[in-house]
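Asker: next comes the sequence, and after it the predicted model I'd like to discuss.
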Amino acid sequence: MPAALQIALFVIFGLLAVAAAVNLLLQRHPINCALSLVVVMMSLAVLYWSLGAEFLAAAQVIVYAGAIMVLFVFVVMLLNAGEEERTHGSRIAYIAGIPGAAALFCLLVFVFLSERQHLGTTQIGGYLTNATSNIRDISHMLFTSLLLPFEVTSILILIAILGAVVLARKEL
Amino acid sequence: MVPIAAYLILAAILFCIGIAAFLIKRNVISIFMSIELMLNAVNLTFVAFAHMWHQVSGQIFVFFVMVVAAAEAAVGLAIIIALFRSRQTLNVDQVNLMKN
């Protein structure tokens, strides 16, 4: 695959992700925020794919854009959430938070740009040959050396289900 | 050939937009969504570094982050429903029982 394709994918979907994130910041209705977040997640799935993480691209679409965002939209509709009114909540959050976020951004960009020679460039389709797929490596590691953490996450999911059921009960 | 630094800067942009949304938003569901945005931005850096080091460890880390984010979303949204039942509001400014 040509290198121009990767540049095009990065530019198009990177700009789409940033535009949707800014839209999330500016919109007032939670349902608009949720739909913007879906756009961000789908763009990130394409970027994962262009970085050679096919399994994660699929998982991003299914888990994040599918399951989690459906849950969000469901709760927004269940609670009949309307437009939020912008009040001046915490003054400290505005005085320290926004400049802090800007400073963090400047610091990160400075570090990444100064180290960009060492970071290198990407090759499309990942680093593995056609003979072995990425998913094979991931599953091999997940079910051999990382079997215990994998099983612990299933217990975590079970506890989360129980917690969600208990918390969302009518008589709390 | 896109430099890895470009992916990392994109992730930094998304993360800082997430911080700003977390501070500006007043609706508790929107605040929760901005946390998800920050998690996604960090996942992008993990995938970029996994690509850079030619290893799948970073991708497995993202997999675990996704699992924990799914659990967190389920519990967090249940807490939001419980909060709405008791306070009849989603505005975080009116949820100040422990402040006074």
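Answerer: Perfect, I can see it now. Numbering: from 1, shown residues only, chains lettered A, B, ... in the order given.
Asker: what packs against the longest helix seen in chain B?
Answerer: Scanning chain B for the helix with the most residues, using DSSP state H, yields helix B:57-87. On a contact count with 3 or more CB pairs under 8 Å, 6 or more residues apart in numbering or on different chains; DSSP states H and E, helix B:57-87 meets helix A:54-59, helix A:69-78, helix A:134-143, helix A:147-167, helix B:28-53. C-beta: built from backbone N, CA, C; applies to glycine.
Asker: rerun at 6 Å
Answerer: In terms of contacts (3 or more CB pairs under 6 Å, 6 or more residues apart in numbering or on different chains; DSSP states H and E), helix B:57-87 is packed against helix A:54-59, helix A:69-78, helix A:147-167, helix B:28-53.
Asker: okay, buried residues for that helix please.
Answerer: Of the residues in helix B:57-87, those buried under the neighbour-count criterion (16 or more other CB atoms under 10 Å in any protein chain shown) are B:58-67, B:69-84.
Asker: do the same with stretch A:23-43
Answerer: By neighbour count with 16+ other CB under 10 Å, stretch A:23-43 contains the buried residues A:23-25, A:27, A:30-43.
Asker: among these, which ones lie close to chain B?
Answerer: Near chain B, taking CB under 6 Å from any CB of the partner chain as the test, the members of the buried residues of stretch A:23-43 found are A:24, A:25, A:30, A:33, A:37.
Asker: which of these sits closest to residue A:167?
Answerer: Minimum separation from residue A:167 among those (CB to CB) is found for residue A:30, which lies at 19.7 Å.
Asker: so what does the closest one look like in phi/psi?
Answerer: Main-chain dihedrals, residue A:30, degrees, to the nearest 10: phi -60, psi -30.
Asker: how close does it get to residue B:28?
Answerer: According to CB to CB, to the nearest Å, residue A:30 and residue B:28 sit 9 Å apart.
Asker: and residue A:154, by the same measure?
Answerer: 29 Å.
Asker: show me which of the two is the more surrounded one.
Answerer: Neighbours per residue (other CB atoms under 10 Å in any protein chain shown) separate residue A:154 from residue B:28, with residue B:28 holding more: 23 against 10.
Asker: the more buried one against residue B:91, yeah?
Answerer: No - in this structure, residue B:28 is not within contact of residue B:91 by CB atoms under 6 Å, at 7.6 Å.
Asker: residue B:7 is nearest to which of the helices and strands packed on helix B:57-87?
Answerer: Residue B:7 sits nearest to helix B:28-53 of all those, at 4.1 Å, using CB to CB.
Asker: would you mind getting the angle between that closest one and helix A:69-78?
Answerer: Taking axes from the mean of the first three to the mean of the last three CA atoms, to 10 degrees, one finds helix B:28-53 and helix A:69-78 inclined to each other by 170 degrees.
Asker: how far off centre is helix B:28-53?
Answerer: Once both centres are worked out by CA atoms, centre = their mean, to the nearest Å, helix B:28-53 turns out to sit 6 Å from its chain's centre.
Asker: what packs against it?
Answerer: helix A:30-50, helix B:4-24, helix B:57-87.
Asker: so which elements touch the longest helix seen in chain A?
Answerer: For chain A, the helix with the greatest residue count under DSSP H is helix A:3-26. Here helix A:3-26 touches helix A:30-50, helix B:4-24, going by 3+ CB pairs under 6 Å, 6+ apart.
Asker: distance to residue A:59 for those helices - can I get that in JSON lines?
Answerer: Putting those into JSON lines (distance: least, CB to CB, whole Å) gives the following:
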{"stretch": "helix A:30-50", "distance to residue A:59": "9"}
{"stretch": "helix B:4-24", "distance to residue A:59": "18"}
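Asker: could I get the ones you listed as CSV with distance to residue B:50 and mean pLDDT?
Answerer: As requested, these are exported to CSV (distance: least, CB to CB, whole Å; pLDDT from 0 to 100):
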stretch, distance to residue B:50, mean pLDDT
helix A:30-50, 10, 94
helix B:4-24, 11, 93
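Asker: now for those helices, which one comes closest to residue A:160?
Answerer: Residue A:160 lies closest to helix A:30-50 among these, at 20.1 Å (CB to CB).
Asker: okay, angle between that closest one and helix A:3-26 too, please.
Answerer: Helix A:30-50 runs at 160 degrees relative to helix A:3-26, counting by the same axes, to 10 degrees.
Asker: show me what helix A:30-50 is in contact with.
Answerer: A:6, A:9, A:13, A:16-17, A:20-21, A:23-24, A:27, A:56-57, A:60-61, A:64-65, A:69, A:72-73, A:76, A:81, B:27, B:29-30, B:33, B:40, B:44, B:47 (CB atoms under 6 Å, 6 or more residues apart in numbering or on different chains).
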